[in-house]
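Asker: Give me coordinates for this.
(one chain, ligands or ions: 1)
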Amino acid sequence: MSTIFQKIIDKQIPADIVYEDDRCLAFRDINPQAPTHVLVIPKRAIRSVAELEASDADLIGYLFVVVRKIAEQEGLSNGYRTVINSGRDGGQTVDHLHIHLLGGRGLAWPPG
Ligand code: AMP
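Answerer: Model (predicted):
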């Protein structure tokens with residue numbers, strides 16, 4: 001079944017896209033939890049960290065390089081947080097792997 005993020009990749013529904021290339025897409029979260037809240041996703045449909053294969057290692061590493069570029073683009077020089085929720089207990093609500101990039105304010109720890 002097609003997820004909402006697949007529809008964003010396919011340009012069937014709009015999103016505030018901040019970065020795109022052949023392997024990944026990054027767009028602003030519709031319900032931001034910080035002044036900067038961007039989701040970085042692979043274009044290939046991988047459901048979650050729990051479904052990663054060894055052959056996905058390059059792609060996942062690349063997503064973090066993109067995170068770093070976007071953090072610079074967003075001016076997050078004081079730092080930021082990356083989060084990947086996985087599965088029900090992890091709080092994952094969209095079954096297409098995504099990295100949350102949060103910044104622009106001090107973030108508490110531990111998370112809820
Ligand atoms: P997670 O709970 O980790 O699966 O994160 C899913 C995130 O996707 C949430 O932070 C939602 O606010 C966000 N989200 C859901 N639908 C959209 C959408 N159409 N455009 C942008 N962000 C979305």
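
Asker: Next up, the contacts around Thr60.
Answerer: Slight slip there: residue 60 is Ile, not Thr. Listed by CB atoms under 8 Å, 6 or more residues apart in numbering, the contact set of Ile60 reads 42, 52. Glycine gets a C-beta too; all of them are placed from N, C-alpha and C.

Asker: so it sits in a helix?
Answerer: Yes - applying DSSP: H, G, I helix; E, B strand; the rest coil, one finds Ile60 inside a helix.

Asker: where do the helices sit along the protein?
Answerer: Along the chain, counting by DSSP state H, helices occupy 4-9, 57-73, 87-90.

Asker: could those go into CSV alongside distance to Leu101?
Answerer: Output for the helices of the chain, formatted as CSV (distance: least, CB to CB, whole Å):
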stretch, distance to Leu101
helix 4-9, 15
helix 57-73, 5
helix 87-90, 17
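
Asker: ok, which residues in the protein are in contact with the ligand?
Answerer: 4, 15, 27, 29-31, 39, 85, 91-94 (CB under 6 Å from any ligand atom).

Asker: want to throw the helices of the chain into JSON lines with mean pLDDT and distance to Leu102?
Answerer: Listed next are those as JSON lines, based on pLDDT from 0 to 100; distance: least, CB to CB, whole Å:
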{"stretch": "helix 4-9", "mean pLDDT": "98", "distance to Leu102": "18"}
{"stretch": "helix 57-73", "mean pLDDT": "98", "distance to Leu102": "10"}
{"stretch": "helix 87-90", "mean pLDDT": "97", "distance to Leu102": "16"}
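
Asker: State the pLDDT value of the closest residue to Asp16 other than its chain neighbours.
Answerer: In space, and not counting its chain neighbours, Asp16 is closest to Arg28: 4.1 Å by CB to CB, 6 or more residues apart in numbering. Looking at Arg28, its pLDDT stands at 99.

Asker: Just list the residues touching Arg28, thanks.
Answerer: Applying CB under 8 Å, 6+ apart to Arg28 gives the contacts 15-16, 18, 37-39.
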